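Q: Coordinates for the following, if possible.
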Amino acid sequence: MDDLDALATLLTKSEPSAEAAGRSRGRLQERMRGRRRSRWLAPGLGLAAAAAAVAAVLVTGVAAPEGVPAASGREVLLMAAVSAERTPQGSGTYWHVSRTMEGRDPTVTESWTTRDGRRWSKDGPGSPPGVVVPAVASFSLKGAKVDLAYLEGLPTDPEELKAGIAALQGDERAMLPSEQRGDPLLPLIALISELPAPPKVRSTAFRLLAEMPGVRSEGTVEGGQKLLIPDEIWPIKLVVDPGTARVTRTNFLLGGNGSFSFSNGWIAVTTGWTDEPPR
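A: Next up is the predicted model:
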């Protein structure tokens, strides 16, 4: 078991001291850079304790001691990748997505999609307020309609997943410029945020995002770790919970039906399979 595996296993364990957190965070980062330096660990502090310490910093927001660097954006995404691979897919009749546009007057939209592609939405653009209505589109990637079988068949090898995304014939009318040029960034974000991709596919998407140039961590915020990812039109903000491997908040959301939302603030998002019918 390596440091990232141990960290994912212990993300929900009890909180260690800030001093232990600082020592273990440093050890983890040096290991990830390929320069293992045992002096970061005090005698008797084993790998499991180190992983638990870093988990406490990431999940509870315990401040690291002065001089100890915070986890980088790459490290946060790699931790989420390990958690994603271990998180069960879940079961249920409907893939439920709730999006809250935060602000002075928060607005909430919801959608429910069955495994065979039937879809309903509530409070979407042009819909009567508070009424569940049938929706035409089901799941979408690069503006192209895809089904659950397609998502479940995506490769889990990083290079093969990139190639699979590139090979998908998208709808240019629903694609942003970077997608039209073949940049995988936005499709990868869709796979980790709104679409019901299986655990190993989501894990691979997190790993590919970790290798994107310019990914930057801005520390602990409500819902997880705030990351900034550069894009040609605007910087994409993501809040990732590395313990649950979920995007909890973002400023840019590619809807699973081909739509997209942008906010100067935050869009909170929750997803999951449920047996609760649309209401």
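
Q: what comes into contact with stretch 170-181?
A: 140-144, 185-187, 231-233, 258, 260 (CB atoms under 8 Å, 6 or more residues apart in numbering). Glycine gets a C-beta too; all of them are placed from N, C-alpha and C.

Q: tell me the least confident of those residues?
A: Looking at the contacts of stretch 170-181 by pLDDT, the weakest one is Gly258, with 52.

Q: how about Asn137, secondary structure?
A: Not quite, residue 137 is Ala, not Asn. Under DSSP: H, G, I helix; E, B strand; the rest coil, Ala137 falls in the coil class.

Q: Use 9 as the first number for this chain going forward.
A: Taking 9 as the first residue, the last one we looked at is Ala145.

Q: Could you check how far it is from Ala213?
A: Here Ala145 is placed at a distance of 22 Å from Ala213 (CB to CB, to the nearest Å).

Q: higher neighbour count, these two?
A: Under the criterion of other CB atoms under 10 Å, the comparison of Ala145 against Ala213 puts Ala213 first, with 30 against 17.

Q: Could you measure from the more buried one over to Gly138?
A: Shown here: Ala213 relative to Gly138, a distance of 34 Å by CB to CB.

Q: what comes up buried for stretch 130-137?
A: Neighbour counts over stretch 130-137 (16 or more other CB atoms under 10 Å) mark Lys130, Asp131, Gly132 as buried.

Q: circling back: which ones among the contacts of stretch 178-189 map onto helices?
A: Residues of those located in helices (DSSP state H): Leu193, Leu194, Pro195.

Q: so which of those residues is the most crowded?
A: That'd be Pro195 among those, by other CB under 10 Å, with 25 neighbours.

Q: for the closest residue to that residue other than its chain neighbours, what are its contacts?
A: Excluding the flanking residues, the one nearest Pro195 by CB to CB, 6 or more residues apart in numbering is Ile173, at 4.9 Å. Ile173 is in contact with Leu149, Lys150, Pro192, Pro195, Leu196, counting by CB under 8 Å, 6+ apart.

Q: so Ile173, which of the three states?
A: Under three-state DSSP, Ile173 falls in the helix class.

Q: Mind jotting down where the helices sit in the stretch 59-208 of the chain?
A: 81-94, 156-160, 166-175, 185-188, 193-201, 207-218 (DSSP state H, counting those that start in this stretch).

Q: of these, which approaches Thr108 most closely?
A: Closest of the helices of the stretch 59-208 of the chain to Thr108 is helix 193-201, at 13.7 Å (criterion: CB to CB).

Q: Show me which of the ones in helices among the contacts of stretch 178-189 is closest to Thr258.
A: Leu194 (11.8 Å).

Q: Just give the closest residue to that closest one, not the sequence neighbours.
A: With sequence-adjacent residues excluded and distances taken as CB to CB, 6+ apart, Leu194 is closest to Glu187, at 5.3 Å.

Q: Run a quick neighbour tally on the one you found.
A: A count of nearby residues for Glu187, using other CB under 10 Å, gives 22.

Q: now the one 10 residues further on
A: Residue neighbour count, defined by other CB under 10 Å, stands at 22 for Ile197.

Q: Report the contact partners of it.
A: Contacts for Ile197 (CB under 8 Å, 6+ apart) come out as Leu217, Ile237, Ile244, Leu246, Val255, Thr258, Phe260, Leu262.

Q: Let's see that with 10 Å instead.
A: Shown in contact with Ile197 (CB atoms under 10 Å, 6 or more residues apart in numbering): Leu203, Ala213, Leu217, Ile237, Asp239, Ile244, Leu246, Val255, Thr258, Phe260, Leu261, Leu262.

Q: Show me where the stretch 159-287 of the chain dips below the pLDDT cut-off.
A: Within the stretch 159-287 of the chain, the ranges that satisfy pLDDT under 70 run 262-268.

Q: domains for this protein, by residue range?
A: Listed by automatic domain parsing, the domain ranges of the chain are 11-78, 102-282.

Q: Same list, those domains, but as CSV with distance to Pro96 please.
A: Shown next, in CSV, are the domains of the chain (distance: least, CB to CB, whole Å):
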stretch, distance to Pro96
domain 11-78, 14
domain 102-282, 7
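
Q: quick one, which of the ones you listed is nearest to Ala88?
A: Ranking the domains of the chain by proximity to Ala88 (CB to CB) places domain 102-282 first, at 4.5 Å.

Q: how long is the closest one end to end?
A: 5 Å (CA to CA, to the nearest Å).
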